[in-house]
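S.K.: I need the structure of the sequence given here:
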Amino acid sequence: MNDESQPASLLKKFTVGENVKTTVRRAILLALFCLLLFNYVLLPVRVRGISMEPTFHDGSWHVANLLQFATRGPRRGEVVVISMVGGRRTLYLKRVLGLPGETIHFFNGQMIVNGREETEPYLGDRGKWTLPQVTLAADEYFVAGDNRTAPLETHTLGVVKRKKIAGGVFR
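M.R.: Numbering: from 1, shown residues only. Model (predicted):
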């Protein structure tokens, strides 16, 4: 073997291995695996806006776990990914505050669930929100952002059906 063919041979061996067919099969399987993983299990999401501050900042990237609630429902305090309109094109990150069957309202920034004041340790400032009482149906959750200092009118919040909750967020 001459000196010129040895680097070319090493490059071919490094890039495609001993058998080109095996390498192509592996590449196709890897591409299929990644396609399935990132379309049906893990979904990259980018935060736009300040409604979830101080927990999630504008412009930050996170990974949604679309299987997180496959065997159980969301719990109070968990951050969920909600598909409001347009399928997976428009997703919202919100915190679950009210669970199915509960009654929830806000008075002067204090969250009250079933007549009891709830603590929210994830908040920097609970703000001054006042919202009328809402009773949730068996398939409904109450969600809101963590930035309670922002005016209520700037938030997308409220009652969402269970089927709209696409998954949870890795932290």
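S.K.: can you list the domains in this protein?
M.R.: With domains defined by automatic domain parsing, the chain comprises 5-39, 41-169.
S.K.: which of the ones you listed has the lowest average pLDDT?
M.R.: Mean pLDDT per stretch puts domain 5-39 lowest among the domains of the chain, at a mean of 80.
S.K.: check the offset of it from the chain's centre.
M.R.: Relative to the centre of its chain, domain 5-39 is centred 32 Å away, using CA atoms, centre = their mean, to the nearest Å.
S.K.: same question for stretch 92-107.
M.R.: With CA atoms, centre = their mean, you get 17 Å for stretch 92-107.
S.K.: now stretch 147-159
M.R.: Taking CA atoms, centre = their mean, one finds the center of stretch 147-159 at 18 Å from the center of the full chain.
S.K.: and that stretch, how far apart are its ends?
M.R.: Using CA to CA, to the nearest Å, the end-to-end distance of stretch 147-159 comes to 18 Å.
S.K.: cool, and stretch 98-110?
M.R.: 13 Å.
S.K.: not counting sequence-adjacent ones, nearest residue to residue 57?
M.R.: residue 47 (6.6 Å; CB to CB, 6 or more residues apart in numbering). C-beta coordinates here come from the backbone N, C-alpha and C atoms, glycine included.
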